[in-house]
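*Asks:* task: produce atomic coordinates for the following.
(chains A, B, C and D)
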Number of protein chains: 2
Amino acid sequence: MKGMTLELSTHGAAGARIAAELREAILTGEHAPGARIRQEDLAGRHGASRVPVREALRMLEAEGLVTLVANTGAWVSSLSLAECEEMYQIRERIEPLLLRFNVPLMSGSDIDALEVLADAMERSDDVETFLRLDREFHLSCYAAVETSMLGDMVLNLWNRTQHYRRAFTRMFRSEGDRSVHHEHQLLVSAIRRDDADEAERVLAGHIRRTRLELARHPAVFEN
Amino acid sequence: MKGMTLELSTHGAAGARIAAELREAILTGEHAPGARIRQEDLAGRHGASRVPVREALRMLEAEGLVTLVANTGAWVSSLSLAECEEMYQIRERIEPLLLRFNVPLMSGSDIDALEVLADAMERSDDVETFLRLDREFHLSCYAAVETSMLGDMVLNLWNRTQHYRRAFTRMFRSEGDRSVHHEHQLLVSAIRRDDADEAERVLAGHIRRTRLELARHPAVFEN
DNA sequence: CTAACCGGGATTGAATCCAATCACAAGCAA
DNA sequence: TTGCTTGTGATTGGATTCAATCCCGGTTAG
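*Replies:* Numbering: from 1, shown residues only, chains lettered A, B, ... in the order given. Prediction:
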């Protein structure tokens, strides 16, 4: 009876916990690309030693969120416009596939929830809620299929480009782009009709248009 | 003059070095899927302590080559047939894209080298050389574009499925499949004509056919 | 005979300690 | 002033040490 299963014995998860919090801090923008990450800081902040901190940094490096240089330090990764475009091109190829896997698995209420998200997003004016709803909308399109490596890859691509999506939205959202919402509606409609082919086409076009829009605003990647 | 730049100051690279050797041991089949990996063993084998060993394991876990369970241990990752098929479907979508990036960058001698590989592969009878040449042929199709994350993703997919490609070849190569060589020739020909669209189509079909062939032989994934 | 229950050995996880490297500023020479 | 050198403090890399957990026997009660 000494197991204490209640507090889910936190031994053996320190690295993962630190990685999760640092990942969150990067995704929320609390740590911007290029920011230096000091091992001692992180260790202190989490009440741990530097050993699990270094494991966490290795994990985030593998995810591409952190860049490590031997004997020198760790920084939040940055992307050039070319790299970001490459990621969008990859997304354009694989997200439709993931969507195809999901379409036949989604229930009516799943799709209703999707529509609610799309509507809420259309009405949102705050940048952060817009970003949060957009992310949730798209990831919800892929939530029906249980853990798959394709899902992990897509999530990772979203994470690595998150900062630039935020920067873009902050700078150019005022030039309001209605077609995003239109495409989201088309996507929901195709999913509801169980038309995977059409859903794939709409999603690919949506990502492609977003990429072209981004390429038209290289200022997002300055400094 | 104490710098000793000759022996490229090995400090700060122990984890990476161990990871590279373990990765190689997994890819060559020296460590099969399911095999237990003990930290102390690896540490002893490389004359290092367990700290860099654990970093190496984290890296390989992120690559999907190793599976870690907290407080329990590390094993060489295995794949189910379904997971392997998923990876082939992903490859079918993204390798043509990577090929498209490369086609316009390849020189005449690059393409000649490709043809030499295809011919050598056709004449090979040993399983290991067949595998090595097949891998080299395909990866050479992507070698012109410098380091890109798409290239990393593709390489990773090849690595994770390497063992099952070997198992398949060992079991069923006798039922000799000529269309592989035919498709390789078609691919070289399309690249030489600088026809990226056709190269994409041929490659996607090639990967797709390989996947279907694999799915027809689930015995590869037993045990 | 079966199944639950210890307990020791093996193994992993994390903290501490020491070594190696780097960034940077002060000093020096041209 | 400008550029190079040098030494010192800050920071990371790796080894050692200690703690927590798990695996797997044997043991014992039912």
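*Asks:* C-alpha only now, for contacts and for neighbours.
*Replies:* OK.
*Asks:* pretty sure A:Ala19 contacts A:Arg54?
*Replies:* No - with contact defined as CA atoms under 8 Å, A:Ala19 does not count as touching A:Arg54 (9.5 Å).
*Asks:* low-confidence ranges in chain A?
*Replies:* A:1-8, A:176 (pLDDT under 70).
*Asks:* one more time with 50, if that's ok
*Replies:* Low-confidence segments of chain A (pLDDT under 50): A:1-6.
*Asks:* tell me where it has strands.
*Replies:* A:36-37, A:66-69, A:73-76 (DSSP state E).
*Asks:* do any residues in the shortest one lie close to DNA strand D?
*Replies:* Yes - taking CA under 7 Å from any atom of the strand as the criterion, strand A:36-37 and DNA strand D are in contact, through A:Ile37.
*Asks:* enumerate the residues of chain A near chain B.
*Replies:* Residues of chain A that fall close to chain B, judged by CA under 8 Å from any CA of the partner chain: A:11-13, A:55, A:58-59, A:62-63, A:70-71, A:83, A:86-87, A:90, A:93-94, A:97, A:148-150.
*Asks:* got a ChimeraX select line for the buried ones in these?
*Replies:* To isolate the buried members of the residues of chain A next to chain B in ChimeraX, using 16 or more other CA atoms under 10 Å in any protein chain shown:
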select /A:55,58,59,62,63,86,87,90,93,94,97,150
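*Asks:* what angle do the longest helix seen in chain A and helix B:149-172 make?
*Replies:* When chain A is parsed with DSSP state H, its longest helix is helix A:149-172. Helix A:149-172 and helix B:149-172 are oriented at 170 degrees to each other (axes from the mean of the first three to the mean of the last three CA atoms, to 10 degrees).
*Asks:* helix A:149-172 packs against which elements?
*Replies:* With contacts taken as 3 or more CA pairs under 8 Å, 6 or more residues apart in numbering or on different chains; DSSP states H and E, helix A:149-172 sits against helix A:14-27, helix A:81-102, helix A:127-140, helix B:81-102.
*Asks:* in that helix, what counts as buried?
*Replies:* Quick answer for helix A:149-172 (16+ other CA under 10 Å): A:150-151, A:153-154, A:157-169.
*Asks:* neighbours of A:Ser109, how many?
*Replies:* 9 (other CA atoms under 10 Å in any protein chain shown).
*Asks:* just give the closest residue to A:Arg201, not the sequence neighbours.
*Replies:* A:Pro96 (7.5 Å; CA to CA, 6 or more residues apart in numbering or on different chains).
*Asks:* wait, isn't that neighbour in contact with A:Ala204?
*Replies:* Yes - the pair A:Pro96 / A:Ala204 is scored as a contact, 6.3 Å apart, by CA under 8 Å.
*Asks:* same drill for these two, tell me which one is more crowded.
*Replies:* A:Pro96 (24 against 21).
*Asks:* the more buried one and B:Leu150: what is the separation?
*Replies:* Relative to B:Leu150, A:Pro96 is positioned 17 Å away (CA to CA, to the nearest Å).
*Asks:* over to A:Leu65?
*Replies:* Here the criterion is CA to CA. By it, A:Leu65 lies 16 Å from B:Leu150.
*Asks:* now swap in A:Trp158 and tell me
*Replies:* From A:Trp158 to B:Leu150 the distance is 15 Å (CA to CA).
*Asks:* check A:Glu92 too.
*Replies:* Distance from A:Glu92 to B:Leu150, by CA to CA: 13 Å.
*Asks:* show me which residues of chain A sit near DNA strand D.
*Replies:* So far as CA under 7 Å from any atom of the strand goes, chain A lies against DNA strand D at A:9-12, A:37-40, A:51, A:54, A:68-74.
*Asks:* which stretch among the helices and strands packed on helix A:149-172 comes nearest DNA strand C?
*Replies:* Counting by CA to the nearest atom of the strand, DNA strand C lies closest to helix A:14-27 out of the helices and strands packed on helix A:149-172; the figure is 3.6 Å.
*Asks:* okay, now the closest residue in space to A:Gly108 that isn't next to it in sequence: neighbour count?
*Replies:* Of all residues not flanking A:Gly108 in the chain, A:Arg192 sits nearest, at 7.6 Å (CA to CA, 6+ apart). Per other CA under 10 Å, the neighbour tally for A:Arg192 reads 19.
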